[in-house]
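Engineer: Provide a 3D model corresponding to the input given below.
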Amino acid sequence: MKELRFVICIDNSEYPAALEKRKIYKVLPDADAANTNHIRVVDESGEDYLFPVSCFIDANLSKEARDAITKVA
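Structural biologist: You can find the predicted model right below:
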């Protein structure tokens, strides 16, 4: 199973209702999106959408941090 990936939003100027700057977002695999320089993330609505890669940087979270933010309460 592939490890979960997370990114941090660094530019929400085109998507202020969908993305929060400095917030961590879960990435969903999407090879077609990668081919067009986009990334699929779960946004503020709770749904997954495509956004330009340039809106994000990799979060590089430790295993403990990933476990903490994916833990179901």
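Engineer: and Tyr25, how many neighbours does it have?
Structural biologist: Using other Cβ atoms under 10 Å, Tyr25 has 23 other residues around it. All C-beta atoms are positioned from the backbone trio N, CA, C, and that covers glycine.
Engineer: Need phi/psi at it.
Structural biologist: Main-chain dihedrals, Tyr25, degrees, to the nearest 10: phi -130, psi 140.
Engineer: Pro52 too?
Structural biologist: Comment: the main-chain dihedrals of Pro52 come out as phi -60, psi 140, following degrees, to the nearest 10.
Engineer: same question, Ala33
Structural biologist: The main-chain torsion angles of Ala33 are listed as degrees, to the nearest 10 and equal phi -60, psi -40.
Engineer: Chain neighbours aside, what residue packs nearest to the residue most central in space within the chain?
Structural biologist: For the chain, the residue lying nearest the average C-alpha position, counting by Cα atoms, centre = their mean, turns out to be Tyr25 (3.4 Å). Spatial nearest neighbour of Tyr25, excluding adjacent residues (Cβ to Cβ, 6 or more residues apart in numbering): Val41 at 4.2 Å.
Engineer: pLDDT below threshold where in the protein?
Structural biologist: The model of the chain has pLDDT under 70 over residues 1-2, 72-73.
Engineer: In it, which helix is the longest?
Structural biologist: helix 63-70 (DSSP state H).
Engineer: which residues sit against that helix?
Structural biologist: Contact with helix 63-70 is made by Glu3, Leu4, Phe6, Ile24, Lys26, Leu61, as judged by Cβ atoms under 8 Å, 6 or more residues apart in numbering.
Engineer: what's the offset of it from the middle of its chain?
Structural biologist: Taking Cα atoms, centre = their mean, to the nearest Å, the mean C-alpha location of helix 63-70 is offset from the chain mean by 14 Å.
Engineer: Equivalent analysis for stretch 50-70, please.
Structural biologist: The mean C-alpha position of stretch 50-70 is separated from the chain mean by 6 Å, Cα atoms, centre = their mean.
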